[in-house]
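*Asks:* I need the structure of the sequence given here:
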Amino acid sequence: MIVVMKRSCTKQDVENVIKTLKEHGLGANLSTGSQATVVGVLGDKTKLNGVNLELMDGVEKTVPIMHSYKLASREMVPEGRTVRVGDQVIGGKKLAMIAGPCAVESEEQMMKAAAGVKAAGAAFLRGGAYKPRTSPYSFQGMEQEGLKLLRKAADAYGLLTVTEITDHDQIESAGPYCDIFQIGARNMQNFRLLKAVGRTKTPVLLKRGIASTVEEWLDAAEYIMSEGNCNVVLCERGIRTFETATRNTLDVSAVPVVRERSCLPIIIDPSHASGKAAYVGPLSLAGIAAGADGLIIEVHPNPKAALSDAAQQLTVEAYTELVRKARRVAEAVGREI
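*Replies:* This is a model prediction of the structure:
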């Protein structure tokens, strides 16, 4: 349930509602937007024991939320949430452009990648230090040394960092090097990890599981938000279907569905969805046209030499051309890069 406050409500009116909720063992999440002030009620509303919140001063109405996800619902923040990361905002008019190699491999590689994606228009540098791979014999990442190289390259070119963590034990060690924690598709329902990042203040990029419904995905986001961290960005990265022409099937329809049901920003990952560099550009443009708030794309200075996911990584030159096209599509739908 949410409590919608009147436009004429006072700060004291809001505090009284929150106090009443807490007195009855309920949590409260305050959202102040340009259109309305909303108090989200967390917990079993039967604990109110007949208290009618609509009779309290400053309250316009109460609205039930039927979804299992409350904080992530569109009803909680009708105008949508934005996530601030450093000097960047994800979810606003400007699209978030995240790019970089699948995995951190060397200092030279990361410096070349950072210089290239920055010049093309990206604001975030991605790079995997911990690489959960299907085969235990595949390259698993440089771990702590990789994190240091990612941070060094990002700082050298004024970029923010995005990197995946695969276990709650990595939060403390990765924290100093990460501006956004990425939770990968394999860990979307690793509830211990979700709760752990929820207790941090670091923004979280939550990828959709390869066989997860939108509802399950939003429930996973709720695990993070219920621990106090509402800085969550969703990432559609393709789901597993019967089709074998691509690595996964990019569910472009998830973008408008999420924007209708959830207040969270959503970006797409066309690299993991397609598994092939030639398809990354068209899927990127489709995602922007559908309303995505940004793109996360794998870019490598020499994809043929990449230690992982070589087939899906763009060259710096190809990424530069993609961003040029993306600007035109963004402008057509009222966004910018």
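
*Asks:* what number of residues lie near Ala332?
*Replies:* Residues near Ala332, counting by other C-beta atoms under 10 Å, number 10. In this view, the C-beta of every residue, glycine as well, is placed from N, C-alpha and C.

*Asks:* how much space between Glu54 and Met5?
*Replies:* Counting by C-beta to C-beta, to the nearest Å, the gap from Glu54 to Met5 is 11 Å.

*Asks:* sorry, wrong one. I was asking about Gly287.
*Replies:* From Gly287 to Met5 the distance is 35 Å (C-beta to C-beta).

*Asks:* Ile180 now?
*Replies:* Taken as C-beta to C-beta, the span from Ile180 to Met5 is 32 Å.

*Asks:* buried residues, the helix or strand harbouring Val329. List them.
*Replies:* Assigned by DSSP states H and E, Val329 belongs to helix 316-332. Neighbour counts over helix 316-332 (16 or more other C-beta atoms under 10 Å) mark Val316, Ala318, Tyr319, Thr320, Leu322, Val323, Ala326, Arg327, Val329, Ala330 as buried.

*Asks:* so how far is it off the chain centroid?
*Replies:* From the chain centre to the centre of helix 316-332 is a distance of 21 Å (C-alpha atoms, centre = their mean, to the nearest Å).

*Asks:* start at 5 instead
*Replies:* New numbering, starting at 5: the last item is helix 320-336.

*Asks:* so what touches it?
*Replies:* With C-beta atoms under 8 Å, 6 or more residues apart in numbering as the test, helix 320-336 has contacts from 99, 101, 103, 116-117, 120-121, 123-126, 281, 284-285, 288-289, 292-293, 299, 301, 303, 305, 318, 340-341.

*Asks:* and if we set it to 6 Å?
*Replies:* Leu99, Gly120, Ala124, Gly125, Gly285, Ser288, Leu289, Ile292, Ala293, Val303, Glu340, Ile341 (C-beta atoms under 6 Å, 6 or more residues apart in numbering).

*Asks:* ok, stretch 286-306 next?
*Replies:* The contact list for stretch 286-306 (C-beta under 6 Å, 6+ apart) reads 94-95, 99-100, 102-106, 113, 116-117, 121, 254, 256, 259-260, 263, 269-275, 278, 310, 316-318, 323, 326, 330, 333-334.

*Asks:* taking those residues one by one, which sit in strands?
*Replies:* Counting by DSSP state E, those place Ile94, Ala100, Ile102, Ala103, Gly104, Ile270, Ile271, Ile272 in strands.

*Asks:* and the residues you listed, which are buried?
*Replies:* With burial judged by 16+ other C-beta under 10 Å, the buried subset of the ones in strands among the contacts of stretch 286-306 is Ile94, Ala100, Ile102, Ala103, Gly104, Ile270, Ile271, Ile272.
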